[in-house]
Structure formats: structure tokens, C-alpha cells
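Chemist: pasted the sequence and its predicted model underneath.
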Amino acid sequence: MAPLEAGFWAQGLKVAGLDEAGRGAWAGPIVVGAVVLLPGAYPFRDSKLLSPKERERLAERVKEVALGFALGVAEVEEVDRLGVLEATLLAARRALAGLRPPPEALVTDYLALSTPLPLLAPPKADEQSPTVAAASILAKVHRDRIMAELDRLYPGYGFARHKGYGTPEHQKALLALGPSPVHRRRFAPVARAPLRFPEGREG
């Protein structure tokens, strides 16, 4: 099956794939990766199908073969203030603003960006587009590194293991410790947790 961007490539357009990491997490930022690949540059796969070691290795490969790549981040405060969708769009705009060369067409994983560029945004695009898959790898690896650092700053929550997602381990720690400064207060499990963590304290 031809990749999603095949039609754009046939027109000679530089295509950027975009994908996010962390949209559904209870803590930490949202990260969007943006990657421009040459046609057939590398058959990257969706980051969710890869082990952490494979993602780390392929992230370096993406950077080697990509015509351009960039990352955009929406911080926890922005997620709480804007909501998940708007914060994701903000991170995507930041990624695109840092992308060189500028793309001439876009493929996203169901993210309907407001753009004058030709856009394809079907669901599960990371399974059908090597550029979106490459973007998902960069976004996931970058966010995992951020969560490992947050685990060091705020020990006890297990951020390095569950990456801020709603696992039983995370739920238990949240109830025992209360929300940390990097938890998303809009999310119901966080909003319901008792406030025990001193605001602004770093571990």
C-alpha cells in the first residue's frame, strides 16, 4: 500500500509529518515532532510498536536521513490553561515554526491544523505514513527523556516508568503524595487527588 504522502511526493512537494506524544497523560508536557523525509528515505514504523531501545536507535536514524526535523512543546501550565487539543495545536505550530526547510504539504495523525498548506489528517496516520511515524518516534523519545528528568525532580510518582500516564502505580502515588507541580490539574484523577505536595517544591 502506498504511503499517505505518496500523492504529495508525486507533485514534488516537501512533506512534513507531525505526531504528538503525551496528549492523554496526567502529568508532563505535550510534545509534537515534525519531520520532512525524502521519498522512500526510510520505512519508519509507529513509535507505539517499538521498544524503548528501538525508539532511541531509530530517533538517531531519523535525524540522519531527514531533510529537516523539529520539536514543539506545550508545558503543563499551557495544557491546563488551554485544554489538551489547543495545547497540542500550539505545540504543533511551534514544531512547524522550527522546521527547516519549510514544508509544502502536511500529514498529521488526526490533527486538523489550520494551515494554507495541503493537509491530510486521517486517524492512525502513524501506521500509514513514514513521515508521521518518524515524527512520532522523535516526539516519544524527547518526551520520555523529559519524564525521566521529572522523575528525578519529583521522586515517588514513577514518572520514568509510566511517563505520566494513568497506570495503577501512578494512581496509587497520586493518592499518597497528592499532585506535583507537573500534574495536569484539569484531568479528573488529578483534580480529585488530595493536595499534599507543597506547591513549587522541587525534590
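Modeler: Noted; the coordinates are in hand. Numbering: from 1, shown residues only.

Chemist: OK, contacts around Gly83?
Modeler: Residues near Gly83 by C-beta atoms under 8 Å, 6 or more residues apart in numbering: Arg186. Any C-beta I mention is one placed from the backbone N, CA and C, and that applies to glycine too.

Chemist: what values do phi and psi take at it?
Modeler: phi 90, psi 160 (degrees, to the nearest 10).

Chemist: check Tyr157 too.
Modeler: With angles defined as degrees, to the nearest 10, Tyr157 shows backbone torsions of phi -90, psi -20.

Chemist: wouldn't it be in contact with Gly28 here?
Modeler: No. If you go by C-beta atoms under 8 Å, Tyr157 and Gly28 don't touch, sitting 10.2 Å apart.

Chemist: what do these two both touch?
Modeler: With C-beta under 8 Å, 6+ apart, Tyr157 and Gly28 have no common neighbours.

Chemist: list the buried residues of the lengthiest helix in the chain.
Modeler: For the chain, the longest helix by residue count, based on DSSP state H, is helix 130-153. Within helix 130-153, the residues scored as buried using 16 or more other C-beta atoms under 10 Å are 130-144, 146-147, 150-151.

Chemist: list the contacts for Gly33?
Modeler: Taking C-beta under 8 Å, 6+ apart, we find Gly33 in contact with 18-21, 69-71, 95, 134-139, 142.

Chemist: and what of Arg45?
Modeler: Neighbouring residues of Arg45 by C-beta under 8 Å, 6+ apart: Ala133.

Chemist: look at Gly158 and say how many residues are nearby.
Modeler: The number of residues packed near Gly158 is 16, by other C-beta atoms under 10 Å.

Chemist: separation between the closest residue to it other than its chain neighbours and Lys163?
Modeler: Excluding the flanking residues, the one nearest Gly158 by C-beta to C-beta, 6 or more residues apart in numbering is Glu169, at 5.1 Å. To Lys163, Glu169 is 11 Å away according to C-beta to C-beta, to the nearest Å.

Chemist: and those two? Which one has more around it.
Modeler: Using other C-beta under 10 Å as the criterion, Glu169 and Lys163 rank with Lys163 on top: 22 against 13.
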